[in-house]
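Engineer: Next come a sequence and a model predicted from it.
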Amino acid sequence: MTEDIDYEIDPENLPERAERTTLGPPSVVVDDLHITYRVFGARRGGTTQNKKSLWDKMISVGRPDTGPITQVPAVRGISFVAHHGESIGILGTNGSGKSTLLRAVAGLLPPTSGRVFTSAEPELLGVNAAMLPRLTGERNIVIGGLALGLNAKDVKANVPKVADFAELGDFLYLPMSSYSSGMASRLRFAISTIRTPEILMIDEALATGDASFRKKSTARIEEIRSEAGTVFFVSHSLASIRAMCTRALWIDKGVLVADGDVDVVADAYQAYVEGRTDASSGAKLK
């Protein structure tokens, strides 16, 4: 399972280790969170509900048969408390539920059961953040800034700064459809961090871009954390998690396996993905 760890980032391109600061009050409380997807037409895995009553069969006459409904548990009973001033890495193999957890905490996915409390509205930053490809970079900055709650005057004043951070140059006035994937990712990051949010959630946002931009991005994240914000960071790069975070959550098959010091949890997770231990080793860290 070593493909779930990214070894490509050179040590010299990593930021300095995040400093451990005095933590503030709770910013995020997740209480026994469950997220279950309902998949129509699936026939394997999960819990399938495929029995139809006579009434269901009668009213479904003439309708296309979508097949049985499969319940797929993506997050199962996760609980934790995050504080202002923390930078928390979320570890897990592909399909473990990392991104689902972030989207639920950000309020984009309703809990199947359990509760999520936040001290402010979280901002989710990901490489797949929605943009409008037919509009120019400048117009996307304006729309993105307004969506983040800035007034028109502040957005206009921030356009040059965002464009400079994203290294757009003359592409600022061209449609985003003409951008490379790296340029688009840099712009998404710059827009999302126009203002300093209390809770910033990053889903593989630093996976693109050259070493210079990764340094700028990580410096900006550290600035947010130092201003008493809370940062959640999902990445396959253990080196980045160790450098940018002070705490780590390890999720496996939707279950919180371990929660603790970033180096301790990262060591256990690395041993797991390299096949030296099983997931039960992480339970001892909780």
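Structural biologist: Received it, and whenever you're ready, just let me know what you need.

Engineer: hey, what's Ile251 bridged with?
Structural biologist: Beta-bridge partners recorded for Ile251 (DSSP bridges): Leu256.

Engineer: Over to Ile199?
Structural biologist: Judged by DSSP bridges, the bridge partners of Ile199 are Thr230.

Engineer: gap between it and Phe213?
Structural biologist: Look at Ile199 and Phe213: by C-beta to C-beta, to the nearest Å, they are 23 Å apart. C-beta here means a position set from N, CA and C on the backbone, and glycine is covered the same way.

Engineer: Neighbour count for the two, which is higher?
Structural biologist: Higher neighbour count among Ile199 and Phe213: Ile199, with 22 against 19, using other C-beta atoms under 10 Å.

Engineer: Please enumerate the helices of the stretch 1-150 of the chain.
Structural biologist: Taking DSSP state H, counting those that start in this stretch as the criterion, the stretch 1-150 of the chain carries its helices at 54-59, 98-105, 137-147.

Engineer: out of those helices, nearest to Val72?
Structural biologist: Proximity to Val72, assessed across the helices of the stretch 1-150 of the chain by C-beta to C-beta, is greatest for helix 98-105 (10.3 Å).

Engineer: pLDDT on the closest one, on average?
Structural biologist: Helix 98-105 carries an average pLDDT of 92.

Engineer: Same question for stretch 199-208.
Structural biologist: Per-residue scores along stretch 199-208 average to 72.

Engineer: cool, stretch 124-144 as well?
Structural biologist: 81.

Engineer: do stretch 70-89 as well
Structural biologist: 93.

Engineer: try stretch 229-242
Structural biologist: Stretch 229-242 shows a mean pLDDT of 87.

Engineer: now it, how far from the chain's geometric center?
Structural biologist: Relative to the centre of its chain, stretch 229-242 is centred 10 Å away, using C-alpha atoms, centre = their mean, to the nearest Å.

Engineer: CA atoms only: put it into CSV for me.
Structural biologist: Only the C-alpha atoms of stretch 229-242 are listed here, as CSV (Å, rounded to 0.1, in the frame of the first residue of the first chain):
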residue,chain,number,x,y,z
GLY,A,229,-7.0,29.9,13.4
THR,A,230,-7.5,26.2,13.1
VAL,A,231,-6.2,24.4,10.0
PHE,A,232,-7.2,20.9,8.8
PHE,A,233,-4.9,19.4,6.2
VAL,A,234,-5.5,16.2,4.1
SER,A,235,-2.5,14.9,2.2
HIS,A,236,-0.8,11.7,1.2
SER,A,237,2.5,13.4,1.8
LEU,A,238,3.7,12.4,5.3
ALA,A,239,6.6,14.8,5.1
SER,A,240,4.1,17.7,4.5
ILE,A,241,1.9,16.5,7.4
ARG,A,242,4.8,16.3,9.7
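
Engineer: Pull out the buried residues from stretch 94-114.
Structural biologist: Within stretch 94-114, the residues scored as buried using 16 or more other C-beta atoms under 10 Å are 96-106, 109, 111-112, 114.

Engineer: Would you mind checking which of those residues is nearest to Lys156?
Structural biologist: When the buried residues of stretch 94-114 are compared against Lys156 (criterion: C-beta to C-beta), the nearest one is Ala106, at 27.2 Å.

Engineer: Got phi/psi on that closest one?
Structural biologist: Dihedral pair for Ala106: phi -80, psi -10, per degrees, to the nearest 10.

Engineer: Pretty sure it sits against Leu124.
Structural biologist: Yes: contact criterion C-beta atoms under 8 Å: Ala106 and Leu124 qualify, at 4.1 Å.

Engineer: Identify the contacts common to the two.
Structural biologist: Met201 (C-beta atoms under 8 Å, 6 or more residues apart in numbering).

Engineer: re the thing from before, among the helices of the stretch 1-150 of the chain, which is nearest Arg242?
Structural biologist: Arg242 lies closest to helix 98-105 among those, at 16.6 Å (C-beta to C-beta).

Engineer: For the closest one, which outside residues touch it?
Structural biologist: For helix 98-105, the surrounding residues in contact (C-beta under 8 Å, 6+ apart) are 28, 30, 33, 35, 74-75, 78, 90-92, 109-111, 116, 118, 122, 124, 126, 201, 203, 232, 234, 251, 254.
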